[in-house]
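*Asks:* the sequence isn't on hand, but the structure is:
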């Protein structure tokens, strides 16, 4: 029987390139449509049912966990500095009360994490949202910006701001744990309607990721070409990125979600649930 057609999201940044290498090189079947966009757009698309599965911000999963299931063993995560999630600031973070902090709209996770850091330190900035992808168009009067993805890697943020804080490093110093920025999810209604096809898509993602890490030199070369960066910088970036979701990362994600709840950034506690291949049932943690 022909599988049900699925629409799968794909992050437009190079951080997800290893996961999609195989799908970009012959593994993509005709029943799978790839939709490429920034994390904030993918967040909206899956919430509205415009895509069926794919990567979204971990915090967006937490906010919508009743409608979504995690796909096992897939994430965008780090264990220390991540290089592509930065807070560039004219002042130390604990001196930003009353100052203007501008968020990119592209990542719910990074924004929620930074708000949590400020809440823990009893720092109360004036939060604004806007485009921060181009260092030359940051409005006057902005004291700090949160920038993620390719723009964090390619823009000279220390030429505009005095400090540059890596959020992956901040979390590691706080907890000693990895940090999960993005996860792969499937809509619960899709998992219930066509579990076998979702399971096939999951197997394809894992095979695609295996191909990506088996051809990492090609992935690095593509990243260099796309962003006009040196081989050493792109290699360092991929050395610090992880695309799995092991027990340590699940524990770290649960700790992050609980911290967001304690700081009233999340309205309720999160019950982490995974898609299971057997009939699409979910497994809770």
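*Replies:* That came in fine, so what should we check first? Just so it is clear, the structure is predicted and the values come from calculations on it, not from any experiment.
*Asks:* start to end distance for stretch 261-272?
*Replies:* End-to-end span of stretch 261-272 (CA to CA, to the nearest Å): 14 Å.
*Asks:* got a list of contacts for it?
*Replies:* Applying CB atoms under 8 Å, 6 or more residues apart in numbering, the external contacts of stretch 261-272 come out as 62-63, 65, 70, 112, 115-116, 119-120, 250, 253-254, 257-258, 260, 284-285. C-beta here means a position set from N, CA and C on the backbone, and glycine is covered the same way.
*Asks:* how about the helices in this structure?
*Replies:* With DSSP state H as the criterion, the chain has helices at 17-22, 39-47, 58-63, 108-120, 150-154, 157-160, 167-175, 188-193, 195-214, 216-227, 231-240, 247-262.
*Asks:* with mean pLDDT added, can I get those in a markdown table?
*Replies:* Formatted as a markdown table, the helices of the chain follow (pLDDT from 0 to 100):
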| stretch | mean pLDDT |
| --- | --- |
| helix 17-22 | 98 |
| helix 39-47 | 94 |
| helix 58-63 | 96 |
| helix 108-120 | 90 |
| helix 150-154 | 94 |
| helix 157-160 | 94 |
| helix 167-175 | 95 |
| helix 188-193 | 96 |
| helix 195-214 | 97 |
| helix 216-227 | 98 |
| helix 231-240 | 98 |
| helix 247-262 | 96 |
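*Asks:* please convert these to TSV, extending it with distance to residue 8 and mean neighbour count.
*Replies:* Output for those, formatted as TSV (distance: least, CB to CB, whole Å; neighbours: other CB atoms under 10 Å):
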stretch	distance to residue 8	mean neighbour count
helix 17-22	9	23
helix 39-47	10	22
helix 58-63	16	27
helix 108-120	20	22
helix 150-154	21	20
helix 157-160	32	14
helix 167-175	26	19
helix 188-193	11	18
helix 195-214	6	18
helix 216-227	19	16
helix 231-240	22	16
helix 247-262	22	18
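*Asks:* list phi and psi for residue 122.
*Replies:* Phi and psi for residue 122, reported as degrees, to the nearest 10, are phi 60, psi 50.
*Asks:* please report the distance of it from residue 263.
*Replies:* 11 Å (CB to CB, to the nearest Å).
*Asks:* and the two? Which one has more around it.
*Replies:* Neighbours per residue (other CB atoms under 10 Å) separate residue 122 from residue 263, with residue 263 holding more: 15 against 8.
*Asks:* nearest to residue 144, out of the helices of the chain?
*Replies:* helix 108-120 (9.1 Å; CB to CB).
*Asks:* for that closest one, packing partners?
*Replies:* Helix 108-120 sits against helix 39-47, strand 53-57, helix 58-63, strand 100-103, strand 144-148, helix 167-175, strand 179-187, helix 247-262, with contacts defined as 3 or more CB pairs under 8 Å, 6 or more residues apart in numbering; DSSP states H and E.
*Asks:* go with 7 Å
*Replies:* helix 58-63, strand 144-148, helix 167-175, strand 179-187, helix 247-262 (3 or more CB pairs under 7 Å, 6 or more residues apart in numbering; DSSP states H and E).
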